[in-house]
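Chemist: Quick check, what structure comes out for this input:
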Amino acid sequence: MHFEIKSTSQKTKARAGLLHTEHQVIETPIFMPVGTLGTVKAVHQHELKEEVKAQIILGNTYHLYLRPGLEVIKNAGGLHKFINWDKAILTDSGGYQIFSLSQIRKLNTEGAVFKSHIDGSKHIFTPENVVETQRIIGSDIMMALDECTPYPCEYIYAAKSLELTHHWLERGFNHYLKTEPLYGYKQAYFPIVQGSVYNDLRQKSAEFISRFDAVGYAIGGLSVGEPAEKMYEMIEVVNDILPNQKPRYLMGVGTPENILEAIDRGVDMFDCVMPTRNARNGMLFTSEGIINIKNVKWKNDFTPIEQNSESLIDKEYSKAYLRHLTIANERLAAQIASVHNLAFYLKLVKQAREKIIEGNFKEWKDKTIKKISQRL
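Modeler: Residues are numbered from 1 along each chain as shown. As a prediction, the model looks like this:
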């Protein structure tokens with residue numbers, strides 16, 4: 001597994017690359033739909049391939065560990081076979097749940113102790129068993145166990161948390177090197193930069209994780225409530241330090257504007273629940289701007305959801321019909337809107353890649369952000 005940069009932007013730090021995995025050669029910049037439980041909510045696998053054009057999806061180690069459980073996944077031959085997905089998969093480590101489930105977990109140097117949100121049963125995630133869990137899941141890219149700190153976060157807490165994350169990384173990376181894949185293909189292991197919104201902590205973390213000879217590196221702990229400009233500042237700090245020839249994955253980000261600004265600053269990989277979660281609530285991202293399909297203005301709009309779209313679903317259904325389905329709380333509404341939003345995200349990063357190669361990314365980005373960020 002390796003990464004190669006094919007083109008760079010002269011006016012920005014944007015890059016177009018290829019991340020080679022044994023399931024898929026991934027064209028970067030890339031967006032990864034979130035498939036928490038082995039499914040991207042409301043979207044069939046064939047739609048992910050044919051309509052969305054997804055090259056890699058994300059699974060959640062914590063949730064898959066609880067349901068369906070490691071025994072089922074192993075008996076199936078890994079997550080790829082279990083969900084019938086022959087392209088790449090990335091799994092997070094459960095570190096985000098340390099943030100999001102803070103009321104039902106405790107941390108110590110050994111690891112994170114959880115109470116299951118399903119039945120209250122007790123579980124412990126250590127840097128070592130998280131590697132073993134992701135070996136059983138069989139993801140192409142595994143993530144190190146870390147603590148995602150909240151925002152706002154006191155400096156003292158962020159510094160102590162960073163020490164814990166780095167301690168876990170050393171143990172996890174060593175265990176990764178000692179263990180072997182279970183299904184006949186290689187798996188990468190990405191360390192994660194933390195440090196909240198403090199420049200010196202981010203610098204320290206980026207320098208520390210760069211010592212590990214990993215295929216790629218991730219930037220965590222952002223898009224948790226901090227101002228967008230602070231997030232961009234942290235990205236710049238980190239990317240000035242991380243190895244230039246390795247892919248950079250910004251975890252859990254974000255809006256289309258966030259993604260384009262992060263590409264501008266040298267990020268290659270993204271994931272976020274926003275396109276599907278917002279779709280289920282009636283928010284559509286389009287090339288002309290953001291639509292709240294519940295608004296009465298779309299009641300008699302019989303034009304396609306997205307003009308000049310390559311996605312079949314955008315051509316088949318009108319805004320008026322999608323509004324009707326959404327107001328009526330029909331399940332088809334979530335399916336149509338989710339496929340549309342994901343297809344938009346994947347088309348957006350594909351266009352960004354094309355513009356980087358053409359040499360006019362900066363001009364295109366500035367113009368595009370103004371359009372796609374406006375409310376229609």
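
Chemist: Start and end of stretch 369-376, how far apart?
Modeler: One end of stretch 369-376 to the other measures 14 Å (CA to CA, to the nearest Å).

Chemist: Ok, stretch 103-120 next?
Modeler: Note: stretch 103-120 ends 12 Å apart using CA to CA.

Chemist: so how far is it from its chain's centroid?
Modeler: 23 Å (CA atoms, centre = their mean, to the nearest Å).

Chemist: Which residues does it contact?
Modeler: Stretch 103-120 is contacted from outside by 62, 66-67, 94, 97-98, 101, 121-127, 129, 145, 147, 164, 167-168, using CB atoms under 8 Å, 6 or more residues apart in numbering. Every residue, glycine included, has its C-beta placed from N, CA and C.

Chemist: pLDDT weak spots in the stretch 101-250 of the chain?
Modeler: 101-102, 104 (pLDDT under 70).

Chemist: how does it look with 90?
Modeler: 101-108, 112-118, 120-123 (pLDDT under 90).

Chemist: which residues of it fall in strands?
Modeler: Along the stretch 101-250 of the chain, the stretches classed as strands by DSSP state E, counting those that start in this stretch are 105-107, 112-115, 122-125, 141-143, 188-190, 192-193, 217-219, 248-250.

Chemist: and those strands as a markdown table, adding distance to Tyr317?
Modeler: Formatted as a markdown table, the strands of the stretch 101-250 of the chain follow (distance: least, CB to CB, whole Å):
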| stretch | distance to Tyr317 |
| --- | --- |
| strand 105-107 | 42 |
| strand 112-115 | 41 |
| strand 122-125 | 42 |
| strand 141-143 | 34 |
| strand 188-190 | 38 |
| strand 192-193 | 39 |
| strand 217-219 | 36 |
| strand 248-250 | 32 |
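
Chemist: In helices, which of the contacts of stretch 103-120 appear?
Modeler: 62, 97-98, 127, 129, 164, 167-168 (DSSP state H).

Chemist: ok, the residue nearest to Gly78 when sequence neighbours are not counted - contacts?
Modeler: Of all residues not flanking Gly78 in the chain, Gly138 sits nearest, at 3.1 Å (CB to CB, 6 or more residues apart in numbering). The neighbourhood of Gly138, defined by CB under 8 Å, 6+ apart, consists of 73, 77-80, 89, 181-183, 187.

Chemist: What residues sit buried inside the longest helix anywhere in the chain?
Modeler: The longest helix of the chain (DSSP H) is helix 331-358. Buried positions in helix 331-358, judged by neighbour count with 16 or more other CB atoms under 10 Å: 333-353, 355-356.

Chemist: now do stretch 319-330
Modeler: So stretch 319-330, judged by 16+ other CB under 10 Å, has buried residues 319, 321-323, 325-326.

Chemist: do the same with stretch 357-376
Modeler: For stretch 357-376, the neighbour count (16+ other CB under 10 Å) marks 361-362, 364-365, 368-369, 372 as buried.

Chemist: right, and the pair among these with maximum separation?
Modeler: Of all pairs drawn from the buried residues of stretch 357-376, the greatest distance, 16.1 Å, lies between Lys362 and Ile372 (CB to CB).

Chemist: so what's the closest residue in space to Tyr155 that isn't next to it in sequence up against?
Modeler: Nearest non-adjacent residue to Tyr155, counting by CB to CB, 6+ apart: Tyr198, 5.9 Å away. Tyr198 is in contact with 155, 158-159, counting by CB under 8 Å, 6+ apart.

Chemist: that older thread, and among the strands of the stretch 101-250 of the chain, the most buried is which?
Modeler: Ranked by mean neighbour count under mean count of other CB atoms under 10 Å, these are led by strand 192-193, which reaches a mean of 29.

Chemist: Could you tell me the phi and psi values at the residue nearest the centre of the chain?
Modeler: Nearest residue to the geometric centre of the chain (CA atoms, centre = their mean): Asp271, 1.7 Å. As for Asp271, its main-chain torsions (degrees, to the nearest 10) stand at phi -150, psi 150.

Chemist: hey, what's it bridged with?
Modeler: On the basis of DSSP bridges, Asp271 is bridged to Met32, Val253.

Chemist: you'd agree it is up against Gly254?
Modeler: No - using CB atoms under 8 Å as the test, Asp271 is too far from Gly254 to be in contact (9.6 Å).

Chemist: ok, back up a step: export the contacts of Gly138 as TSV, with columns for distance to Phe285 and neighbour count.
Modeler: As requested, the contacts of Gly138 are arranged in TSV below (distance: CB to CB, whole Å; neighbours: other CB atoms under 10 Å):
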residue	distance to Phe285	neighbour count
Ile73	32	23
Gly77	36	13
Gly78	32	21
Leu79	28	23
His80	29	21
Ile89	24	26
Pro181	36	14
Leu182	38	15
Tyr183	35	16
Gln187	32	25
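
Chemist: Return the closest of those with respect to Lys230.
Modeler: Using CB to CB, those come closest to Lys230 at Ile89, 31.1 Å.

Chemist: Could you look up the SS state of the closest one?
Modeler: strand (DSSP: H, G, I helix; E, B strand; the rest coil).

Chemist: Look up the residues forming beta bridges with it.
Modeler: Assigned bridge partners for Ile89, using DSSP bridges, are Ile57.

Chemist: where does it land on pLDDT?
Modeler: pLDDT for Ile89: 98.

Chemist: Quick check: the gap between the residue nearest to Tyr155 and Leu145.
Modeler: Tyr198 is 21 Å from Leu145, where distance means CB to CB, to the nearest Å.

Chemist: that's a strand at Ile26, yeah?
Modeler: Yes - counting by three-state DSSP, Ile26 is located in a strand.

Chemist: right, and it touches Ile57 too?
Modeler: No - Ile26 lies out of contact with Ile57 (CB under 8 Å); the separation is 11.2 Å.
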